[in-house]
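*Asks:* Structure of the sequence below:
(one chain, ligands or ions: 2)
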Amino acid sequence: MKVGILDGPGRLALVERPSPHAGKGEVVVRMAACGVCGTDLEKLRGNYQSAGRLGHEPVGVVEVVGDGVSGLVPGERVFVHHHVPCLNCPVCRRGDLTFCPSYSRSNIDPGGFAESFRVPRENVERGAILRLDRSIDWATGSLLEPTACALTAQRRVGFHAGDSVFLVGLGPVGLLYARLAAALGARWVGGAELSPLRRAVAVAGGMTSVIDPREPGAAESAVRAATGGDGVDLAVAATGSPVALRLAASLVRRGGTLNLFGLPDAGSRLDVDLQDLYLRGIRVVPTYATTEREVGDVHALLVNRRLDLSGIVTHQVALDKLPEAFALAGNPDAAVKVAVTGPAFHPS
Ligand SMILES: [Zn+2]
Ligand SMILES: [Zn+2]
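*Replies:* Ligands and ions are numbered 1, 2, ... in the order given. Prediction:
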């Protein structure tokens, strides 16, 4: 079968590998779609410490069910979560599940950009396979993981209905975060984004205040107008850029929260006025990844039509053309979210 792998720094390769087998307690899934994440792009650029496998937003069809697995049958449409917390260590017991030391060691094999992949026993046992409702198409299903990352973030930072939110960066995860915050009752959601295409998708999705951060003072005046000059309850750096982080920090109200949501480059430094943060009582909260609970909650929001993610996947590209999918995903003026499609994909 075909598999997309990192073949050294900056080199993406499609290679032939033997199809996976389902051992005891394991499941093999035939891939239908898998989103290209910003972290996949960063891995390819060599910017992400957690190098290795590509593709972690997969949906597909159960192909083989190993001995001892109950409740799943071949042919079922599923979402699969690649990482699972141990649920047993001090970090997990405190509820910080995505920061569990063994969380990012678990993974699907050989990754999501493969015709089929094996789901290890620990993932199966800890609920990483979720049945996908018929009402959710493959492309939308591939957004479950990144949207759940936004939900995990919103819970960790203490987001409430009625809060005002400003996002710096409206790439795929920024847009998902914004749609989710609006669906969960945000009073106002504004955002800044360099790419005109992404700004247009934000506006089409219902955001009324979307600015180009190169326009001097535009973010500040949008936030001032929306909050009576106070600043937002929650500002989100939805890109790893230190410039974005500085802008986001400047837009938070006194006592408000700055969510460090986008992946910063390894070695990058926080360059903000610490006395300003101190005197204004700004909480800086990094958030990372998600768990089955939030994936299930996002799934329910979609099934109940409380959340609409249409328009965010702009391209569906077959696994055979993986380099093209990565080129598109890496070009903010050409695409928003790119879903790679596999052999189980049938357009609905
Ligand atoms: Zn991701
Ligand atoms: Zn743990």
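
*Asks:* What is the least confident helix or strand in this protein?
*Replies:* helix 38-45 (a mean of 89; mean pLDDT, DSSP states H and E).

*Asks:* So what are the sheet partners of whichever helix or strand comes after that one and their directions?
*Replies:* Next helix or strand after helix 38-45 toward the C-terminus (DSSP states H and E): strand 58-65. As defined by DSSP bridges, the strand partners of strand 58-65 come to strand 27-35 (antiparallel), strand 77-80 (antiparallel).

*Asks:* which outside residues touch strand 58-65?
*Replies:* Strand 58-65 is contacted by residues 21-22, 27-34, 72-80, 82, 108, 112, 116-117, 129, 132, 138, 141-142, 144, 342, 344 when judged by CB atoms under 8 Å, 6 or more residues apart in numbering. Heads up, the C-betas are built off the backbone N, CA and C, glycines and all.

*Asks:* ok, now stretch 199-214?
*Replies:* Against stretch 199-214 from outside (CB under 8 Å, 6+ apart): 168, 170, 175, 178-179, 182, 188-194, 196, 218-219, 222, 225-226, 244, 247, 308, 310-312, 314, 336.

*Asks:* If any of those are buried, give me the PyMOL selection for them.
*Replies:* Applying 16 or more other CB atoms under 10 Å to the contacts of stretch 199-214, the buried members can be selected in PyMOL as follows:
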select buried, resi 168+170+175+178+179+182+188+189+190+191+192+193+194+219+222+226+244+247+312+314+336
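
*Asks:* Restricted to strands, list the contacts of stretch 199-214.
*Replies:* Taking DSSP state E as the definition of strands, the contacts of stretch 199-214 contribute 168, 188-192, 314.

*Asks:* Isn't Leu322 up against Gly4?
*Replies:* Yes. Between Leu322 and Gly4 there is a contact at 4.3 Å, judged by CB atoms under 8 Å.

*Asks:* between the least confident helix or strand of the chain and strand 27-35, how big is the angle?
*Replies:* 90 degrees (axes from the mean of the first three to the mean of the last three CA atoms, to 10 degrees).

*Asks:* Send me helix 38-45 as PDB with only the CA atoms.
*Replies:* The C-alpha trace of helix 38-45 is given here as PDB (Å, rounded to 0.1, in the frame of the first residue of the first chain):
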ATOM      1  CA  GLY A  38       0.000  22.900  10.400                       C
ATOM      2  CA  THR A  39       2.100  20.600  12.500                       C
ATOM      3  CA  ASP A  40       2.600  18.200   9.500                       C
ATOM      4  CA  LEU A  41       3.900  21.200   7.600                       C
ATOM      5  CA  GLU A  42       6.200  22.200  10.500                       C
ATOM      6  CA  LYS A  43       7.500  18.600  10.700                       C
ATOM      7  CA  LEU A  44       8.400  18.800   7.000                       C
ATOM      8  CA  ARG A  45      10.100  22.100   7.500                       C
END
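
*Asks:* Could you list the buried residues of it?
*Replies:* Of the residues in helix 38-45, 38-44 count as buried by neighbour count, 16+ other CB under 10 Å.

*Asks:* can you put those residues in CSV and add distance to ligand 2?
*Replies:* Supplementary listing: the buried residues of helix 38-45 in CSV, determined by distance: CB to the ion, whole Å:
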residue, distance to ligand 2
Gly38, 25
Thr39, 21
Asp40, 25
Leu41, 28
Glu42, 25
Lys43, 24
Leu44, 29
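
*Asks:* Could you dump those residues into TSV with distance to Asp96 added?
*Replies:* Shown next, in TSV, are these (distance: CB to CB, whole Å):
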residue	distance to Asp96
Gly38	23
Thr39	20
Asp40	25
Leu41	27
Glu42	23
Lys43	24
Leu44	29
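
*Asks:* Nice, that's everything, thank you.
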